[in-house]
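> Take this sequence and fold it.
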Amino acid sequence: MIKIYASKKENSVMEKIMLLSELRSTLINDKIAKEICKENNVDNTFLLGVPISFDELDVSAKTVDGSILLNQKLMEKEFDIVMRYVIHELVHAIQHADGKSRDKEDKAKDYLDKQTEVDAFIEQIKFDKENRGEEAAEEYVEELLDHHDLFGKKRKEKKEELLDSN
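Residues are numbered from 1 along each chain as shown. From the prediction side, this is the model:
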């Protein structure tokens, strides 16, 4: 594991480069990332080339034209939390490369009902379970469902869909 030795300046260039290096190294060696590639008939070399950067965003992370963008605020989080966003966005980067993310049917749906998002969250939660444990993953799903104001039967169904797929 790479350790960050940089100035105390918040989000310095050196900190970003070192964290991105650690994220890339982890990504190319991660079992789940490799499974995502295999399931989508994408060579593992995709993991070497998919662009990843930090930026000022109004969301935690997003993928634009196959490039993974992470909110700079994530630099203050635990490494495994940052990685779970990378895993989620990796799914989207592959979807972009395959042209799957531009499905008009999906765009009309609520965020957590979009199959592209469900697929990405399933992999993200799988990563979370393996790296932070079952309890942490379940806690994350509860926070996700709270954030998207899902309650009652729909919440129960979505929780089962996201957790039981792993």
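
> Which residues does stretch 84-104 contact?
Stretch 84-104 is touched from outside by 23, 27, 30, 32-33, 36-37, 40, 42, 46-47, 50, 52, 60-63, 65-70, 74, 115-116, 119-121, 123-124, 127-128, 131-132, 140, with contacts defined as C-beta atoms under 8 Å, 6 or more residues apart in numbering. C-betas here are computed from N, CA, C, even on glycine.

> quick one: which of the residues you listed sit in helices?
Counting by DSSP state H, the contacts of stretch 84-104 place 23, 27, 32-33, 36-37, 46-47, 115-116, 119-121, 123-124, 127-128, 131-132, 140 in helices.

> List buried residues within those.
Buried subset of those (neighbour count, 16 or more other C-beta atoms under 10 Å): 23, 27, 32-33, 36-37, 46-47, 116, 119-121, 123-124, 127-128, 131-132, 140.

> What segments of the chain are strands?
Applying DSSP state E to the chain gives strands spanning 52-55, 61-64, 67-71.

> ranking those strands by burial, who's on top?
Ranked by mean neighbour count under mean count of other C-beta atoms under 10 Å, the strands of the chain are led by strand 67-71, which reaches a mean of 21.

> Put the alpha carbons of that strand into PDB.
Output in PDB follows, covering the C-alpha atoms of strand 67-71 (Å, rounded to 0.1, in the frame of the first residue of the first chain):
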ATOM      1  CA  SER A  67     -13.900   9.000 -17.300                       C
ATOM      2  CA  ILE A  68     -14.400   8.500 -13.600                       C
ATOM      3  CA  LEU A  69     -14.600  11.700 -11.700                       C
ATOM      4  CA  LEU A  70     -14.400  11.700  -7.900                       C
ATOM      5  CA  ASN A  71     -15.400  14.600  -5.600                       C
END
